[in-house]
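K.L.:
Got a sequence here, can you model it:
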Amino acid sequence: MKRTSQTDVAVLGALSIEPMSGYRIRRAIADVFGHFWYESFGQIYPTLARLEAAGLVLSRPGSRANASTYEITAAGREHLRARLLEPIFPTPPRNPLLLRVFLGANIDPEAIAGMLDQAEADARQRLATFAAIRAAVAREPLFAELGRFWVATVSAGEHQARAVLDWVDETRVTLSPPAGSVAPA
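P.N.:
Numbering: from 1, shown residues only. Alright, predicted model coming up:
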C-alpha cells in the first residue's frame, strides 16, 4: 500500500473539533497536536483548497478580510474516519543527536557531554509542558467526551521524554572513560 499524506488527516481532525480559519487551524495543530505533529502554513492552505474542492470542507466568509472559516462536511467526517483507519507506515527516523553520538569519536567528548546536557534539559522542559497540557486538557469543556484520547497522546510524549532522560543517564555512564584510564594528550 502506498504512503499517503497525513496533512489531510491533521486538517480534518482539527476541523472535527470545531470550525476554524486557516490561521486557527495552524495554531491548533501547533498548540494542540504540536507535541506529536507539525504542519506549516504552506501545507495548510493548499490542503484546505483541495479539501474544499473535494467537498470535504466548506468555507464561509469571515468577519475579517480574507479570513474564511472552514468547517468539516459530513463527507469530510466520513473521509476522516476512513483515513484514520488506514494502516500506519512508520517514517524513517532522523535524530541528529544520535547521529552525532554514533560518530562521536570524531569530536571532543565535552561536545557530546554538552549535547547530552541539552537533551536532558529539553526532555525536562517537555515533561513540564506535558504537565501543563494535562492540566489544561482537564479544564476543557470537551474533556468528558475527548479528554481520554488527548491524555493518551500526552502520556506518549511523557514516556518519550522519560525514555530520553533514562538514555542520557545510561549514555553518560557508557561514554565515561574507564576508571584508571588516562586521557589522551
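K.L.:
Next up, the contacts around Ala30.
P.N.:
For Ala30, the set of contacting residues under the criterion of C-beta atoms under 8 Å, 6 or more residues apart in numbering consists of Tyr38. Any C-beta I mention is one placed from the backbone N, CA and C, and that applies to glycine too.
K.L.:
Count the residues that sit near Phe89.
P.N.:
When counting by other C-beta atoms under 10 Å, one arrives at 10 neighbours for Phe89.
K.L.:
before we move on, what about Glu170?
P.N.:
By other C-beta under 10 Å, 10 other residues sit near Glu170.
K.L.:
Work out for me the element it sits within.
P.N.:
For Glu170, the host element (DSSP states H and E) is helix 143-175.
K.L.:
Tell me which other helices or strands that helix touches.
P.N.:
With contacts defined as 3 or more C-beta pairs under 8 Å, 6 or more residues apart in numbering; DSSP states H and E, the secondary structure elements packing on helix 143-175 are helix 109-139.
K.L.:
How about the helix it packs on, which residues are buried there?
P.N.:
112, 115-116, 119-120, 123, 126-127, 129-130, 133, 137 (16 or more other C-beta atoms under 10 Å).
K.L.:
cool, and stretch 143-163?
P.N.:
Using 16+ other C-beta under 10 Å as the test for burial, stretch 143-163 gives 150-151, 153-154, 157-158, 160-161.
K.L.:
Distance to Ser68 added to the residues you listed, as CSV?
P.N.:
Output for those, formatted as CSV (distance: C-beta to C-beta, whole Å):
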residue, distance to Ser68
Trp150, 27
Val151, 32
Thr153, 28
Val154, 31
Gly157, 32
Glu158, 37
Gln160, 36
Ala161, 37
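K.L.:
Show me which of these is closest to Ile29.
P.N.:
Using C-beta to C-beta, Thr153 is the member of the buried residues of stretch 143-163 that lies nearest Ile29, at 12.9 Å.
K.L.:
what kind of secondary structure is the residue most central in space within the chain in?
P.N.:
Centroid-nearest residue in the chain: Phe36, 1.9 Å away (criterion: C-alpha atoms, centre = their mean). Using DSSP: H, G, I helix; E, B strand; the rest coil, the secondary structure recorded for Phe36 is coil.
K.L.:
Can you give me the pLDDT of it?
P.N.:
Turning to Phe36, the model gives it a pLDDT of 83.
K.L.:
For it, give me its contacts.
P.N.:
Applying C-beta under 8 Å, 6+ apart to Phe36 gives the contacts 153, 156-157.
K.L.:
Could you measure from it over to Ala144?
P.N.:
22 Å (C-beta to C-beta, to the nearest Å).
K.L.:
List the buried residues of the lowest-mean-pLDDT helix or strand in the chain.
P.N.:
Every helix and strand in the chain was compared by mean pLDDT, DSSP states H and E; the lowest is helix 22-31, with a mean of 87. Buried residues in helix 22-31, counted by 16+ other C-beta under 10 Å: 22, 24-26, 28-29.
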